[in-house]
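**Q** curious how this folds, go ahead:
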Amino acid sequence: NRTAAQAVGINVKVMLRLAYGLSAGLGALAGILIAPITFSSYEAGVMLGLKGFSAAIVGGIGNPMGAVAGGVLLGVLEALGAGLVSSGYKDAIAFLFVLMVLFFEPTGLFGHKASERV
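**A** Below you'll find the model as predicted:
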C-alpha cells in the first residue's frame with residue numbers, strides 16, 4: 001500500500017527502485033545458474049516457465065511450500081517417466097499429471113478453497 005507506506009515516512013520511489021533492482025539481480029543470477037545445466041538457448045525459458053507455473057498449480061497457487069512440493073513431485077515424475085518410457089515423453093507426462101490434478105483437485109494438492117463474503 002503505497003499511501004500507507006508514504007504516510008509512515010517510507011520513500012516509496014526508492015523502495016520501488018530497490019525492489020525492481022533486486023528482482024532483476026535475482027533473475028540474472030537464476031539465468032547464470034541455470035544456463036550451464038540446461039545448455040540453454042533463447043527459447044529454453046518458455047518450457048522452464050511452464051514447468052514452474054505447473055509446479056505452482058499442482059502445489060496450490062496460494063501456498064509457497066505447496067509449490068515447492070509440487071515442483072519436487074513433478075521432477076520425480078519426469079525422472080521416472082524418462083526412465084520407464086521414452087525420454088521424449090517426459091514433458092507430456094508432467095503436463096498430463098497437471099491436468100489430472102486440476103481435474104480431481106482444482107485447488108491443487110495443498111491449496112484450499114477460498115470463500116469470499118460480500
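**Q** tell me the mean pLDDT over the helix ranked longest in the chain?
**A** Longest helix in the chain, counting residues (DSSP state H): helix 12-38. Helix 12-38 carries an average pLDDT of 89.
**Q** in that helix, what's buried?
**A** Within helix 12-38, no residue counts as buried by 16 or more other CB atoms under 10 Å. Any C-beta I mention is one placed from the backbone N, CA and C, and that applies to glycine too.
**Q** that helix - contacts with which helices or strands?
**A** On a contact count with 3 or more CB pairs under 8 Å, 6 or more residues apart in numbering; DSSP states H and E, helix 12-38 meets helix 2-7, helix 44-59.
**Q** just the angle between it and helix 44-59, please?
**A** 100 degrees (axes from the mean of the first three to the mean of the last three CA atoms, to 10 degrees).
**Q** quick one: distance of helix 12-38 to the chain centre.
**A** Here the centre of helix 12-38 is set off from its chain's centre by 15 Å, with CA atoms, centre = their mean, to the nearest Å.
**Q** same question, stretch 61-73
**A** 8 Å.
**Q** please name every helix or strand in contact with the helix-or-strand element of the chain with minimal mean pLDDT.
**A** Here the helix or strand of the chain ranked lowest by mean pLDDT, DSSP states H and E is helix 44-59, holding a mean of 85. Judged by 3+ CB pairs under 8 Å, 6+ apart, the packing partners of helix 44-59 are helix 12-38, helix 64-84, helix 90-104.
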